[in-house]
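**Student:** My questions are about this predicted structure, shown below with the sequence.
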Amino acid sequence: MKTAIILGVNGQDGYYLSQLLQQMEFSVIGISRNESNTDIRSYESVAELVKTTTPHYIFHLAANSTTRHDALFENHATISTGTFNILEAVKNFSPLTKVFISGSGLQFVNMDKPIKESDSFEARDPYSVSRIHSVYAARYYRKLGLQVYVGYFFNHDSPRRTERHMAKKISEAVKRIANGSDEKLAIGDISVIKEWTYAGDIVEGIWTLVSQDDIYEANISSGLGYSIEEWLITCFAVIGKKWQDHVILKNDFSPEYKILVSDPSIISSLGWSPTVSFKDMAEMMVNQ
């Protein structure tokens, strides 16, 4: 039986990836960022895990997905130092292990057009700095002979999201309103366009990437952009209501970006594409 370690198993991506690997009869070792005996911030702790398990795959998904400055040290320790700890442990104790490192569309220069993997990085916030650092670490260890993959994620959602993410914030409010709530949902700029890909599809893309040995960096994303307003329309349509009757627009809100979409040509060339549509995901999140 093959073994896989998932760091960040309690997040939505870790959950769906764990489900996928178990369906393929992997033995999955799940490591939570906050609740496990392995501390990703400690080389000794990570090295002991790798040394004793010699896994076939390691998936580094652990992170606090926020660009806030006050998460600077947490994300540096988890993303940047965590990546070095994993790669050094693999080099020393399990050099045949394939390693997947998650990246983000937020770490690229954003010119309001589809972002390619070859586009320049931009250290726009502490989160991006940590992500950029981890990619350069991956490239360095690749030169040392390790198989290290980087998948750049754009916005993706599922019923397992928390309400601090827009898709879940809206879908949960829609459910409450369907059940009789008279609340008003306060939202900022609803013209912002981003991807709304299903997380269950994204982990299939991760598996597609690590299952081949020619391409090591790819956007794992749909390339399909929809506005927040379109998400509002679609979610409220599920319960037969209009969003305008239940939403207050905040005029003093300034978004981080106006458009954040990808060019998914590389991952598409490997045969992967999402299967759950925008409308299907809205129905899934409102109805579950």
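**Tutor:** On my side now, so go ahead. Numbering: from 1, shown residues only.

**Student:** Show me the chain divided up by domain.
**Tutor:** As given by automatic domain parsing, the domain ranges for the chain are 3-153, 157-194+224-262+275-287.

**Student:** so for the last one, what's the average pLDDT?
**Tutor:** The predicted model assigns domain 157-194+224-262+275-287 a mean pLDDT of 94.

**Student:** okay, which residue is most central for this structure?
**Tutor:** F153 (5.0 Å; Cα atoms, centre = their mean).

**Student:** Identify each of the strands in the stretch 101-250 of the chain and give its residue range.
**Tutor:** 147-153, 156-157, 185-187, 193-195, 197-198, 217-220, 225-227, 247-249 (DSSP state E, counting those that start in this stretch).

**Student:** So for V261, which of those sits nearest?
**Tutor:** strand 225-227 (4.0 Å; Cβ to Cβ). C-beta here means a position set from N, CA and C on the backbone, and glycine is covered the same way.

**Student:** Return the list of strands paired to that closest one, each annotated with direction.
**Tutor:** strand 193-195 (antiparallel) (DSSP bridges).

**Student:** and the partner strand, how far from the chain's centre?
**Tutor:** 14 Å (Cα atoms, centre = their mean, to the nearest Å).

**Student:** what's the answer for stretch 53-70, then?
**Tutor:** 10 Å.

**Student:** same question, stretch 237-254
**Tutor:** Distance, stretch centre to chain centre, for stretch 237-254: 26 Å (Cα atoms, centre = their mean).

**Student:** Which parts of that stretch count as buried, going by neighbours?
**Tutor:** In terms of neighbour count (16 or more other Cβ atoms under 10 Å), stretch 237-254 has its buried residues at 237-238, 243, 246-247.

**Student:** Looking at those, which two lie furthest apart in space?
**Tutor:** V238 and V247 (15.1 Å).

**Student:** Just give the nearest non-adjacent residue to S130, would you?
**Tutor:** Nearest non-adjacent residue to S130, counting by Cβ to Cβ, 6 or more residues apart in numbering: I79, 3.9 Å away.

**Student:** Please settle this for me: is the one you found part of a helix?
**Tutor:** Yes: under DSSP: H, G, I helix; E, B strand; the rest coil, I79 sits within a helix.

**Student:** from now on call the first residue 7
**Tutor:** I'll keep to 7 as the first residue from here, and by that count the last item is I85.

**Student:** give the contact list for it.
**Tutor:** 68-69, 133, 136-137, 139-140 (Cβ atoms under 8 Å, 6 or more residues apart in numbering).

**Student:** And A129, by the same measure?
**Tutor:** Per Cβ under 8 Å, 6+ apart, neighbours of A129: 113, 135, 138.

**Student:** K149: which of these is nearest?
**Tutor:** I138 (17.4 Å).

**Student:** Against K264, how distant is the residue nearest to the closest one when sequence neighbours are not counted?
**Tutor:** In space, and not counting its chain neighbours, I138 is closest to F127: 4.8 Å by Cβ to Cβ, 6+ apart. Here the distance between F127 and K264 works out to 20 Å (Cβ to Cβ, to the nearest Å).

**Student:** Same drill for the two, tell me which one is more crowded.
**Tutor:** F127 (16 against 13; other Cβ atoms under 10 Å).

**Student:** could you point out the longest helix in this protein?
**Tutor:** helix 132-149 (DSSP state H).
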